[in-house]
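Student: Here's a sequence, model it:
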Amino acid sequence: MRELHTERLLLRTPRERDAAEIMAIRNSAFVMKNNVMKVLDKEQMVHLIHREIDYENTWYIERKEDGALLGMIAAEEDGVRFDVRSRCLSYYLGEQYTRQGYMKEALRAVLHELFTEEDLEVVAARVFTGNIASEKLLRSLGFVYEGCIRRCVRTSESEIRDDMQFSLLREEYFEAEK
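Tutor: This next block holds a predicted model:
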């Protein structure tokens, strides 16, 4: 996985020494409410970081000006499509870093990487219904709403959530970049 640079951000491979900082963001109530993840302790977080490093599908988002770790983006297997070069995005930011354009800036860099370097045909994303900020973010990046998968996910708190499915096709991405 390549490092990606934007005006304000460095998107990079996770490092073991990131464990405490990313764990605090990841385990926060703000992040947990819109993601299907279990709270991790430090040992579990280190183990996850090693898996992310080995799988090479995760970028940690670091602010250039001060080195603060803001969140992460992963381009994971797309469990909906079959025999299509596609990935499904998951992402989160610490609450104090939201609504400042960081995730949009980071996702633009990741989309460029996925469509130009990995030659993907489709990039997908799934968002819980009610996550208005994430829905607006995806739409602003050109993603198209495909529909709602009802009763799709059981959270770690046993709440059953609906997922909105979004996608961005390769040709849509390049058309928008013109």
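Student: Against Gly94, how distant is Lys42?
Tutor: For Lys42, the distance to Gly94 equals 17 Å [C-beta to C-beta, to the nearest Å]. Just so you know, the C-beta spots here come from the backbone N, C-alpha and C atoms, and that holds for glycine as well.
Student: More neighbours: which of the two?
Tutor: The neighbour comparison of Lys42 against Gly94 (other C-beta atoms under 10 Å) goes to Gly94, with 20 against 10.
Student: What spatial separation is found between the more buried one and Leu9?
Tutor: 14 Å.
Student: Return every residue with contacts to both of these two.
Tutor: Common contact partners of Gly94 and Leu9 (C-beta atoms under 8 Å, 6 or more residues apart in numbering): Leu70.
Student: just checking, Gly71 touches Ser90?
Tutor: No: counting by C-beta atoms under 8 Å, Gly71 sits too far from Ser90 to count as a contact (10.8 Å).
Student: Pick out whichever of those two has more residues nearby.
Tutor: Neighbour totals were compared for Gly71 and Ser90, and Gly71 leads with 22 against 18 (other C-beta under 10 Å).
Student: Go ahead and produce PDB holding the CA coordinates of the one helix or strand the more buried one maps to.
Tutor: Assigned by DSSP states H and E, Gly71 belongs to strand 69-77. Taking C-alpha atoms only, strand 69-77 is exported to PDB below (Å, rounded to 0.1, in the frame of the first residue of the first chain):
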ATOM      1  CA  LEU A  69      -4.100  10.800  14.100                       C
ATOM      2  CA  LEU A  70      -7.700  11.600  13.000                       C
ATOM      3  CA  GLY A  71      -9.200   8.300  11.900                       C
ATOM      4  CA  MET A  72      -9.000   5.600   9.300                       C
ATOM      5  CA  ILE A  73     -10.200   4.400   5.900                       C
ATOM      6  CA  ALA A  74     -10.300   0.700   4.800                       C
ATOM      7  CA  ALA A  75     -11.000  -0.600   1.300                       C
ATOM      8  CA  GLU A  76     -12.300  -4.000   2.100                       C
ATOM      9  CA  GLU A  77     -13.800  -6.900   0.100                       C
END
